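Novice: Quick one: sequence plus predicted model below, questions after.
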Amino acid sequence: MKKKILVVGGAGYIGSHMVLALQDEGHEVVVFDNLSRGHADAVNGARLVVGDLRAPQELAHCFAGQSFDLVMHFAALAYVGESVVQPDLYYQNNVLGTLNLLAAMRQHGVGKFVFSSTCATYGEPESVPIAEDHSQNPINPYGRSKLMVEQVLRDFGEAYGLQSVGLRYFNAAGCDREGRAGERHEPETHLIPLVLAEALRVKTGGNPAATMLEVYGTDFDTPDGSCVRDYIHVSDLCRAHLLAAERLLSGAVKHDRPAEFYNLANGNGFSVLDVIRTCEAVTGVPIRYRSARRRVGDPAVLVGDASLAGKILGWNAQYGDLSSIVQTAWDWMSRVPVGQTNEGQAHEVEP
Ligand SMILES: NC(=O)c1ccc[n+]([C@@H]2O[C@H](COP(=O)([O-])OP(=O)(O)OC[C@H]3O[C@@H](n4cnc5c(N)ncnc54)[C@H](O)[C@@H]3O)[C@@H](O)[C@H]2O)c1
Ligand SMILES: O=c1ccn([C@@H]2O[C@H](COP(=O)(O)OP(=O)(O)O[C@H]3O[C@H](CO)[C@@H](O)[C@H](O)[C@H]3O)[C@@H](O)[C@H]2O)c(=O)[nH]1
């Protein structure tokens, strides 16, 4: 049945793909975003309320006169390195901002919530693949800010009856297969788009890059010395959100266990050097890179076990191999040159 869903952070990378996935299912979508890291033209015609989670009056404006069936919360600052040097910004934005959002939801009687958590809440794994019952000892402020919210969700579930599903994504990657949305972080810090941007630069005959691609650490305890990550396609993430929403809206979440958490992962680990080689194979362009120091806050290996999401949500990753994930990102990047937007799509910006 058609529902009215608030997508917080819907102008960002994963959120904008979620807007499309919800619209494809016939739902009405409203986006709340401060556009600090997102793009107004990424919301595909959904109503966009421009506001900041840290400003309760801007949230009040968004909720006024609306009756949302459910809130999906993607808005956060999400760079490990930045969080290490600016922890205050991360706790204000990710923790305080989420508390304000939950307060607005309570005031307006909205009791169903899907939260973007992360595998960064686990810290250095004691065993891989990581399952949900693995200890959570994050090693950077970003991961700690997300773990704090998870705890808030458990407590709000018990005290106020908030029903929530927290989805702990591993590394989101790829773009909408039909090219309707993509990854446009400015500046970009994520590995796959950085490698592809280098390939695009070479392919289009650009000048040598001012800074060569760096591999952050080649002395980790991994098969080739570089960090290993589990890359999961953004559209697979969105399908999991639809299933989580269905679970919440159908009343399947139990009152005595109102906060549920699931990993969203592929179960396959790829090193930074594997990613570079895969990008070379997909683009046909040799990539120049150099070894650099480790980035503070990076665990050596993060690979997830998503069997719980399979069992309870009926979810599994449809994009299994890295090349098909990279291919969708490459299709997007080669179609939409950096800096160009899909501004033709109309939307209303408020206030
Ligand atoms: N990208 C990944 O690999 C990954 C992995 C695990 C978890 N996550 C989580 O998924 C979510 C989305 O990630 P993304 O990569 O799409 O990030 P993104 O930066 O592309 O999108 C986040 C959006 O939230 C908005 N936002 C940030 N702070 C806000 C605030 N205070 N008020 C209103 N809007 C605000 C930004 O403008 C942006 O549009 C984040 O919560 C992130 O922690 C991402
Ligand atoms: O120029 C670069 C960029 C990245 N890396 C490495 O590539 C891997 C992936 O890095 P990146 O793409 O920046 O993603 P992560 O830092 O792993 O973080 C992403 O994935 C996390 C889950 O693992 C999410 O929680 C974060 O929000 C999201 O940004 C890491 O080992 C980095 O050290 C490099 O070697 N060189």
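Specialist: Structure received. Numbering: from 1, shown residues only. Ligands and ions are numbered 1, 2, ... in the order given.
Novice: Just the mean pLDDT for the stretch of helix or strand H61 belongs to, thanks.
Specialist: Remark: H61 resides in helix 56-63, with elements defined by DSSP states H and E. Taken as a whole, helix 56-63 has a mean pLDDT of 98.
Novice: That helix and ligand 1 in contact?
Specialist: No: in terms of CB under 6 Å from any ligand atom, no part of helix 56-63 sits within range of ligand 1; the closest distance is 8.2 Å. Any C-beta I mention is one placed from the backbone N, CA and C, and that applies to glycine too.
Novice: what's in contact with that helix?
Specialist: Residues outside helix 56-63 that contact it (CB atoms under 8 Å, 6 or more residues apart in numbering) are 6, 30, 32, 49, 51-53, 100-101, 103-105, 107-108, 110, 350-351.
Novice: Quick check: helices, which of those are part of them?
Specialist: 100-101, 103-105, 107 (DSSP state H).
Novice: a markdown table for those residues, including distance to ligand 2 and neighbour count?
Specialist: Below are the ones in helices among the contacts of helix 56-63 laid out as a markdown table (distance: CB to the nearest ligand atom, whole Å; neighbours: other CB atoms under 10 Å):
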| residue | distance to ligand 2 | neighbour count |
| --- | --- | --- |
| N100 | 21 | 19 |
| L101 | 18 | 25 |
| A103 | 25 | 14 |
| A104 | 24 | 22 |
| M105 | 23 | 23 |
| Q107 | 29 | 12 |
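Novice: hmm, back to that, now, which of the contacts of helix 56-63 lie close to ligand 1?
Specialist: Contacts with ligand 1 within the contacts of helix 56-63, counted by CB under 6 Å from any ligand atom: 52-53.
Novice: Show me which positions of the helix holding H61 end up buried.
Specialist: 56, 58-59, 61-63 (16 or more other CB atoms under 10 Å).
Novice: Can you name the residues of the protein that neighbour ligand 2?
Specialist: Near ligand 2, when you scan the chain using CB under 6 Å from any ligand atom, you find 78-80, 118-120, 170-171, 189-191, 194, 214-216, 227, 229, 272, 295, 298, 302.
Novice: Specify which member of the buried residues of helix 56-63 is nearest to I325.
Specialist: Taking CB to CB as the measure, C62 is the one of the buried residues of helix 56-63 closest to I325, at 33.3 Å.
Novice: which one is that closest one nearest to, not counting chain neighbours?
Specialist: V49 (4.4 Å; CB to CB, 6 or more residues apart in numbering).
Novice: State the number of residues packed around that neighbour.
Specialist: V49: 23 surrounding residues under other CB atoms under 10 Å.
Novice: moving C-terminal of the helix holding H61, what's the next helix or strand?
Specialist: With secondary structure assigned by DSSP H and E, helix 56-63 is succeeded by strand 70-73.
Novice: Kindly export that following strand (C-alpha atoms) in CSV.
Specialist: What follows is strand 70-73, C-alpha atoms only, in CSV (Å, rounded to 0.1, in the frame of the first residue of the first chain):
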residue,chain,number,x,y,z
LEU,A,70,7.9,6.0,8.6
VAL,A,71,11.2,7.8,8.6
MET,A,72,14.4,6.6,6.9
HIS,A,73,17.5,8.3,8.3
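Novice: V215 in helix, strand or coil?
Specialist: Secondary structure assignment for V215 (DSSP: H, G, I helix; E, B strand; the rest coil): strand.
Novice: Who are the contact partners of it?
Specialist: Applying CB under 8 Å, 6+ apart, the residues near V215 are 226, 272-273, 276, 289-292.
Novice: What about these, which are in strands?
Specialist: In strands, defined here by DSSP state E, the members of the contacts of V215 are 289-292.
Novice: now the ones in helices among the contacts of helix 56-63 as a markdown table including pLDDT?
Specialist: Formatted as a markdown table, the ones in helices among the contacts of helix 56-63 follow (pLDDT from 0 to 100):
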| residue | pLDDT |
| --- | --- |
| N100 | 98 |
| L101 | 99 |
| A103 | 98 |
| A104 | 98 |
| M105 | 98 |
| Q107 | 98 |
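Novice: Which pLDDT value belongs to D41?
Specialist: pLDDT for D41: 96.
Novice: Distance-wise, check it relative to A11.
Specialist: 8 Å (CB to CB, to the nearest Å).
Novice: Out of those two, name the residue with the larger neighbour count.
Specialist: Using other CB under 10 Å as the criterion, D41 and A11 rank with A11 on top: 27 against 18.
Novice: Let me see the backbone angles for the more buried one.
Specialist: Per-residue torsions, A11: phi -90, psi 0 (degrees, to the nearest 10).
Novice: Who's the closest spatial neighbour of it, skipping the chain neighbours?
Specialist: Closest to A11 by CB to CB, 6+ apart is G38, at 3.0 Å.
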